[in-house]
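Got a sequence here, can you model it:
(chains A, B, C and D)
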2 protein chains.
Amino acid sequence: MTTPRWEPRRLSAVAVELPEGVTPPGTRGRILLSALRLFAEYGFHGTSIRDLAGAAGINSATLYAHYPAKEHVLAELVLLGHTELHRRLQQALVEAPPGPAAQLAALVRAQVAAHADFPLLALVANAELHALSPERAAPALALREQSRELGLRVLRLGVAQGVFHVADPLLAATAIGSMGMQVAHWFGPDQPYTRDQVADTYAGYALQLAGAADVPAKKTARAPGATPAKKG
Amino acid sequence: MTTPRWEPRRLSAVAVELPEGVTPPGTRGRILLSALRLFAEYGFHGTSIRDLAGAAGINSATLYAHYPAKEHVLAELVLLGHTELHRRLQQALVEAPPGPAAQLAALVRAQVAAHADFPLLALVANAELHALSPERAAPALALREQSRELGLRVLRLGVAQGVFHVADPLLAATAIGSMGMQVAHWFGPDQPYTRDQVADTYAGYALQLAGAADVPAKKTARAPGATPAKKG
DNA sequence: GTCTATACAGGGATAGAC
DNA sequence: GTCTATCCCTGTATAGAC
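Numbering: from 1, shown residues only, chains lettered A, B, ... in the order given. This is a model prediction of the structure:
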């Protein structure tokens, strides 16, 4: 591919940006941001070196003064994405009020917020990871595993404490994680929700899904033990 | 790429198959099944014509006796995937007991079952859709929209009837759909759940998430070895 | 329908001047 | 660091014999 064959469809008009403080200065930063946009829209294999250089406003040969190969650009993005998510999840846990319910809500909020704040990065980190060689994918995979375990631990603890009621915490964690992950695919300025609306709503969904005994009295909550409103 | 550079990682050892009755006979069928596996693992742009022909056991030129271009092979898979899901959702609705709760459960079961029965197809249909030109992506997108509306209608009806309790049915439908969609990414013979365990469990999650007043005391899945797992 | 052979554009990457 | 120029391979697709 030399020039885009059709209008972007994979993601709508989302800001092309990276988390604070991680964009390299100068040309290397422009390469990385261009790659963020192009890899998200056309995929790693659907983006050529010349596409990438053109978007960054440089000659294709200049790329190799900053990265030894195209794959290294992807590797940097993938690692950045996984690092940012894991950092936010950890911070959310640290700052959360005590108790599994509050912690689960905090984790889901953080996950949704991360994917809504940087949908392009989340998309590339997840959907293009497979294009990396095993050794360059490994660091991201390790972070992903750690992130997954954060949620799983909270769910297991909540079940043990009788706060959650799920037969299988692993499956519940998977389901909850899936909700948030997918946010990167549709969140953008062309839809009616704010980042925090989605984050709060999804946190509520997660608690409901987990059968939390003490779902905070949001609009969506129902009275525990209430008689079925009835019927259809 | 001429030969796989590393072991498949995007999906584990999942059967390479298409829904009953849709695999074309003869060489065309072998091309389609090879494409299913390769596109799922390496992506459309990560798979060359020669890869595809080699996997199908033919010369690359022979491909063009069956498809006018590589993109048409992908288009067929993407359409097959979306068609199969939509067909199953419709059938599930038709066969479901009356009432939004039973209907939502049936929809989620059908979605999960479809993605667990044909994870490769679901992956290609969703993750590689962006590689199609707009006009060849359109039919699949139309089907996707119709499928989405099935779930949305059930949720809205349930809210109107007081069976569900969500402030925003669209967001709830999105969250529920996201859970099931992701199943294609991890379901396989290397994990402890049966298709029906996941389907039933996820259906229960959906009802909980939607704040269903009358969540049926359904069987919930367990990992084998814990307590006797049941199935439906 | 399938093959061998090949056209030829585009791919990733390097050499070497500035 | 950046460019021009270029190498060489891989990519898609076609021609034409069998």
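
neighbouring contacts of stretch A:91-110?
A:88-89, A:150-151, A:154-155, A:157-158, A:161, A:163-164, A:176, A:179-180, A:199-200, A:202-207, A:210, A:212-216 (CB atoms under 8 Å, 6 or more residues apart in numbering or on different chains). Any C-beta I mention is one placed from the backbone N, CA and C, and that applies to glycine too.

Try it again at 6 Å.
Where contact means CB atoms under 6 Å, 6 or more residues apart in numbering or on different chains, the residues beyond stretch A:91-110 that reach it are A:88-89, A:151, A:154, A:157-158, A:163, A:199, A:202-203, A:206, A:212, A:214.

for chain A, what spans make up the helices?
Assigned by DSSP state H, chain A shows helices spanning A:26-42, A:49-56, A:70-95, A:100-117, A:119-127, A:134-160, A:169-186, A:195-209.

Quick check: the gap between the most centrally placed residue in chain A and residue A:192.
Closest residue to the average C-alpha location of chain A: residue A:115 at 3.8 Å, with CA atoms, centre = their mean. Separation of residue A:115 from residue A:192 (CB to CB, to the nearest Å): 17 Å.

and if you look at residue A:177?
Applying CB to CB to residue A:177 and residue A:192 gives a distance of 24 Å.

Check residue A:104 too.
Separation of residue A:104 from residue A:192 (CB to CB): 26 Å.

Settle it for me: which of the two has more neighbours?
Per other CB atoms under 10 Å in any protein chain shown, whichever of residue A:104 and residue A:192 has more neighbours is residue A:104, with 28 against 8.

So which residues make contact with stretch A:11-22?
Stretch A:11-22 is touched from outside by A:33, A:36, A:37, A:40, A:80, A:84, A:119, A:120, A:188, A:190, with contacts defined as CB under 6 Å, 6+ apart.

Mind doing that once more with 7 Å?
A:32-33, A:36-37, A:40-41, A:80, A:84, A:118-121, A:123, A:188-190 (CB atoms under 7 Å, 6 or more residues apart in numbering or on different chains).

List the buried residues of that stretch.
Of the residues in stretch A:11-22, A:11, A:14, A:16, A:18, A:19 count as buried by neighbour count, 16 or more other CB atoms under 10 Å in any protein chain shown.

Stretch A:159-178 too?
A:159, A:163-164, A:166-178.

Out of those, which comes closest to DNA strand D?
Of all the buried residues of stretch A:159-178, DNA strand D sits closest to residue A:178, with 31.3 Å by CB to the nearest atom of the strand.

Please verify my assumption that the closest one contacts residue B:177.
No - contact criterion CB atoms under 7 Å: residue A:178 and residue B:177 do not qualify, at 9.8 Å.

how close does the nearest residue to residue A:54 once chain neighbours are set aside sit to DNA strand D?
Nearest non-adjacent residue to residue A:54, counting by CB to CB, 6 or more residues apart in numbering or on different chains: residue A:60, 7.9 Å away. Distance of residue A:60 to DNA strand D, computed by CB to the nearest atom of the strand, to the nearest Å: 6 Å.

ok, back up a step: dump the helices of chain A to JSON lines, plus mean pLDDT.
Shown next, in JSON lines, are the helices of chain A (pLDDT from 0 to 100):
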{"stretch": "helix A:26-42", "mean pLDDT": "98"}
{"stretch": "helix A:49-56", "mean pLDDT": "98"}
{"stretch": "helix A:70-95", "mean pLDDT": "98"}
{"stretch": "helix A:100-117", "mean pLDDT": "98"}
{"stretch": "helix A:119-127", "mean pLDDT": "98"}
{"stretch": "helix A:134-160", "mean pLDDT": "98"}
{"stretch": "helix A:169-186", "mean pLDDT": "98"}
{"stretch": "helix A:195-209", "mean pLDDT": "98"}
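
Which among those helices is found nearest to residue B:135?
Proximity to residue B:135 (CB to CB) singles out helix A:26-42 among these, at 17.6 Å.

now check that closest one, is it near DNA strand D?
Yes - residues of helix A:26-42 contacting DNA strand D under CB under 7 Å from any atom of the strand: A:26, A:27, A:28.

near DNA strand D, which residues of chain A show up?
Of all the residues in chain A, those in contact range of DNA strand D (CB under 7 Å from any atom of the strand) are A:26, A:27, A:28, A:58, A:59, A:60, A:61, A:62, A:65, A:66.

Please identify the one among those residues that lies nearest to residue B:137.
residue A:60 (29.3 Å).

ok, back up a step: would you list the buried entries among the contacts of stretch A:11-22?
A:32-33, A:36-37, A:40-41, A:80, A:84, A:118-121, A:123.

Next, the contact list for residue A:138, please.
Residue A:138 neighbours (CB under 7 Å, 6+ apart): none.

ignore the last one, residue A:125
Residue A:125 neighbours (CB under 7 Å, 6+ apart): A:77, A:78, A:81, A:82, A:140.

same question, residue A:40
A:10, A:11, A:120, A:123, A:124.

One more: residue A:35?
Applying CB under 7 Å, 6+ apart to residue A:35 gives the contacts A:52, A:73, A:77.

now, which of the residues you listed sits nearest DNA strand C?
When the contacts of residue A:35 are compared against DNA strand C (criterion: CB to the nearest atom of the strand), the nearest one is residue A:52, at 7.4 Å.

What number of neighbouring residues does the closest one come out with?
For residue A:52, using other CB under 10 Å, the count is 22.

Likewise for the one 10 residues further on?
When counting by other CB under 10 Å, one arrives at 13 neighbours for residue A:62.

Next one: it relative to residue A:120, how far apart?
Plainly put, residue A:62 is 23 Å away from residue A:120 if you go by CB to CB.
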